[in-house]
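**Student:** need a structure here:
(4 chains)
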Number of protein chains: 2
Amino acid sequence: MVLTIRKPEIIAIARREGKVTVDGLVDHFGVTPQTIRRDLTELAETGELERVHGGAILPSTTVNIAYNERRMLNQASKVDIASACAKRIPNDCAIFLNIGTTTEAVASELLNHEGLLVVTNNINIANILSSSDQIDVIVTGGQLRRSDGGLIGDLAQNTINQFRFDYAIIGCSALRQNGDLMDFDMQEVSVSKTIIRQSDHVMLVADNSKFDRKAPAFVASMQSISTIVTDKSVPADCKTQCDVSGTDIVYASS
Amino acid sequence: MVLTIRKPEIIAIARREGKVTVDGLVDHFGVTPQTIRRDLTELAETGELERVHGGAILPSTTVNIAYNERRMLNQASKVDIASACAKRIPNDCAIFLNIGTTTEAVASELLNHEGLLVVTNNINIANILSSSDQIDVIVTGGQLRRSDGGLIGDLAQNTINQFRFDYAIIGCSALRQNGDLMDFDMQEVSVSKTIIRQSDHVMLVADNSKFDRKAPAFVASMQSISTIVTDKSVPADCKTQCDVSGTDIVYASS
DNA sequence: TAAATAATGTTCGTTTGTGATCGTTATCCT
DNA sequence: AGGATAACGATCACAAACGAACATTATTTA
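**Tutor:** Numbers count the residues shown, from 1 in each chain, chains lettered A, B, ... in the order given. Prediction:
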């Protein structure tokens, strides 16, 4: 057993991207392929990764493939956004993390925070955060939606109602030009509304693609949002709306 | 103790960056590599960091390793027991799966059942069952216990109270010779009691090692158990008690 | 202030992770 | 299918990192 200093970062990349390549890690760490191969072999021996030709992947049992692919969408933007979001969250506070791939990225970025109480209705986030002993995780109950690991239904909502949060990190399916948050799923809408009501600061994490999408159900207007963290410049209409409602806009950069 | 000033800062850096290097700390503190090595060695001895060549990393995996080892204990017996248990559970019914490595094994064996509604307070079980589209999974809320993926606290109990189960599959920390189920954790005891109260059939899964153990908290007597699934023959006292209370004994065989 | 103790720096022999080479094996492409 | 190409694991040499022992400096205590 050798335990290299690169191990945690390799695991983090694998968690984030679902896989790692030898070449990618060579570029990332500036070492030879041989060294990376040794690292991956070790990680495979301890069962933390599964070795494949050219790299390694997450152990197959834990991953939902369709979901994992969606997770890869705009991966780079999501990580940037998540990182910017995590930087604005202090230690020792109570936060809620909602369903969504971007909020999952935020969870990963929060792993080095201390003294957090995190409530979530996303079982993937619970899995991610369970590796930190500095973070108390509370899971809302609810029916498990296999497509994305979300917990939905009355149970979730009732649980959320019992808490007050310093920060809520939420995503949305789509953002209208006027800054309205929209979603596909009615059940999620009522959960999101509850979260917003119970939180001092509401941070919306949304990459640029949300502006091109449509979704039927109204969640909230920009007025409810304290901060929006995104990757590229937001449409003018939305920016105006943010000014009116006093919403901070944070642009993530890599 | 040598480290008075640098220790908290080293830990802080490690938490923030996921790792520390000897060189980096040398620059940071303006001391010699040897001093840093001494610091890191001490931090490693107290388990606060894990030493690697060139620096140190966070010991993030320790909890999971401990649990994984426990899961492997008596693995063969557990699979046998789980298989026998799963065979006695029909399709299209509502069941509860409690915290425990053996109940996790049962979850794996249930993957080919159809039309099940499974409620669980074990996040690992939720992960396992999420790969079947024939099983509806409901997760109780609660605080996530990192050591075993259990969800505990009032939230869990309140959720369970809202359901009635055809079958409950429960484990226990120890079984007394007279057939009393015992547990280590008071919080789990009250959850288990609730489960038993809400279920038509209660199946206890317990490998033989439970008879050799002691645990302080009383969960239930054999009278509450409909079926006990185990691997080897149970002690005479316990068997008598089963006869009295009408508890079926099922011996798993591979 | 002097003695005692702890912390840090220095030196040196030892360990070990890394890179290079090479023969083998898996994957890709026609 | 079968050759081309890339990835792989084993082995070895080397340099960096390591720990032990001792010297030196800071800090505490009497």
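**Student:** low pLDDT regions in the stretch 151-254 of chain A?
**Tutor:** A:254 (pLDDT under 70).
**Student:** let me redo that: the stretch 1-150 of chain A
**Tutor:** A:1-2, A:60-74.
**Student:** how about the helices in it?
**Tutor:** Secondary structure of the stretch 1-150 of chain A by DSSP state H, counting those that start in this stretch: the helices cover A:7-17, A:22-29, A:33-45, A:65-72, A:75-87, A:101-109, A:123-129.
**Student:** can I get those in a markdown table including mean neighbour count?
**Tutor:** The way it works is simple: take the backbone N, C-alpha and C, and place the C-beta from them, glycine included. Converted to a markdown table, these look like this (neighbours: other C-beta atoms under 10 Å in any protein chain shown):
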| stretch | mean neighbour count |
| --- | --- |
| helix A:7-17 | 19 |
| helix A:22-29 | 16 |
| helix A:33-45 | 16 |
| helix A:65-72 | 14 |
| helix A:75-87 | 20 |
| helix A:101-109 | 24 |
| helix A:123-129 | 25 |
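**Student:** reformat those as CSV; add distance to DNA strand D.
**Tutor:** Formatted as CSV, the helices of the stretch 1-150 of chain A follow (distance: least, C-beta to the nearest atom of the strand, whole Å):
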stretch, distance to DNA strand D
helix A:7-17, 14
helix A:22-29, 4
helix A:33-45, 4
helix A:65-72, 20
helix A:75-87, 21
helix A:101-109, 25
helix A:123-129, 26
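**Student:** for B:Leu43, which of the ones you listed is the nearest?
**Tutor:** Closest approach to B:Leu43 among these (C-beta to C-beta): helix A:7-17, 15.7 Å.
**Student:** about what we covered before: for the helices of the stretch 1-150 of chain A, which one sits closest to chain B?
**Tutor:** Nearest to chain B, of all the helices of the stretch 1-150 of chain A, is helix A:7-17, at 4.7 Å by C-beta to the nearest C-beta.
**Student:** residues in contact with the nearest residue to A:Glu9 once chain neighbours are set aside?
**Tutor:** Ranked by C-beta to C-beta, 6 or more residues apart in numbering or on different chains and with sequence neighbours excluded, the top spatial neighbour of A:Glu9 is B:Gly18, at 6.5 Å. Applying C-beta atoms under 8 Å, 6 or more residues apart in numbering or on different chains, we find B:Gly18 in contact with A:Pro8, A:Glu9, A:Ala12, A:Leu111, A:Asn112, B:Ile57, B:Leu58.
**Student:** go again with 7 Å.
**Tutor:** Contact analysis of B:Gly18 by C-beta atoms under 7 Å, 6 or more residues apart in numbering or on different chains lists A:Pro8, A:Glu9, A:Asn112, B:Ile57, B:Leu58.
**Student:** measure it to DNA strand C for me?
**Tutor:** To DNA strand C, B:Gly18 is 16 Å away according to C-beta to the nearest atom of the strand, to the nearest Å.
**Student:** now A:Ser253, what's its secondary structure?
**Tutor:** Under DSSP: H, G, I helix; E, B strand; the rest coil, A:Ser253 falls in the coil class.
**Student:** that one against A:Val79, yeah?
**Tutor:** No - A:Ser253 is beyond contact range of A:Val79, at 11.5 Å (criterion: C-beta atoms under 7 Å).
**Student:** do a quick rundown of the strands in the stretch 51-200 of chain A.
**Tutor:** A:55-57, A:94-97, A:116-120, A:135-139, A:142-145, A:150-152, A:165-170, A:174-175, A:181-183, A:199-205 (DSSP state E, counting those that start in this stretch).
**Student:** is chain B within reach of stretch A:91-107?
**Tutor:** No - judged by C-beta under 7 Å from any C-beta of the partner chain, stretch A:91-107 stays clear of chain B, getting no closer than 9.6 Å.
**Student:** how long is that stretch end to end?
**Tutor:** Using C-alpha to C-alpha, to the nearest Å, the end-to-end distance of stretch A:91-107 comes out at 14 Å.
**Student:** start and end of stretch A:202-222, how far apart?
**Tutor:** 10 Å.
**Student:** about what we covered before: out of the helices of the stretch 1-150 of chain A, the one nearest A:Gly153 is which?
**Tutor:** A:Gly153 lies closest to helix A:123-129 among the helices of the stretch 1-150 of chain A, at 13.6 Å (C-beta to C-beta).
**Student:** show me how far that closest one is from its chain's centre.
**Tutor:** Centroid separation for helix A:123-129 versus its chain: 10 Å, with C-alpha atoms, centre = their mean, to the nearest Å.
**Student:** what about A:Phe211, neighbour count?
**Tutor:** A:Phe211: 16 surrounding residues under other C-beta atoms under 10 Å in any protein chain shown.
**Student:** mind checking how far it is from DNA strand D?
**Tutor:** For A:Phe211, the distance to DNA strand D (C-beta to the nearest atom of the strand) stands at 37 Å.
**Student:** correct me if wrong: that residue contacts A:Asp237.
**Tutor:** No - using C-beta under 7 Å as the test, A:Phe211 is too far from A:Asp237 to be in contact (10.1 Å).
**Student:** returning to that earlier point: of all the strands of the stretch 51-200 of chain A, which one is nearest DNA strand C?
**Tutor:** strand A:55-57 (11.1 Å; C-beta to the nearest atom of the strand).
**Student:** so what are the sheet partners of the closest one and their directions?
**Tutor:** Applying DSSP bridges, strand A:55-57 is found paired with strand A:19-21 (antiparallel), strand A:50-52 (antiparallel).
**Student:** any chance of a markdown table for these, columns mean neighbour count?
**Tutor:** Below are the strands paired with strand A:55-57 laid out as a markdown table (neighbours: other C-beta under 10 Å):
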| stretch | mean neighbour count |
| --- | --- |
| strand A:19-21 | 21 |
| strand A:50-52 | 14 |
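**Student:** dump stretch A:165-185 to CSV, restricted to CA.
**Tutor:** The C-alpha coordinates for stretch A:165-185 follow below in CSV (Å, rounded to 0.1, in the frame of the first residue of the first chain):
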residue,chain,number,x,y,z
PHE,A,165,-32.0,27.6,6.6
ASP,A,166,-29.3,30.2,6.4
TYR,A,167,-28.7,29.3,2.7
ALA,A,168,-30.8,27.4,0.2
ILE,A,169,-29.1,26.3,-3.0
ILE,A,170,-31.6,25.5,-5.7
GLY,A,171,-31.6,24.8,-9.4
CYS,A,172,-34.4,25.0,-11.9
SER,A,173,-35.4,23.4,-15.2
ALA,A,174,-35.6,26.7,-17.1
LEU,A,175,-35.3,30.4,-16.6
ARG,A,176,-37.5,32.8,-18.5
GLN,A,177,-36.1,36.0,-20.0
ASN,A,178,-37.9,38.0,-17.3
GLY,A,179,-36.2,36.0,-14.6
ASP,A,180,-39.0,33.6,-13.6
LEU,A,181,-37.9,30.2,-12.4
MET,A,182,-39.7,27.4,-14.1
ASP,A,183,-39.8,23.6,-13.6
PHE,A,184,-41.1,20.5,-15.3
ASP,A,185,-42.4,18.7,-12.2
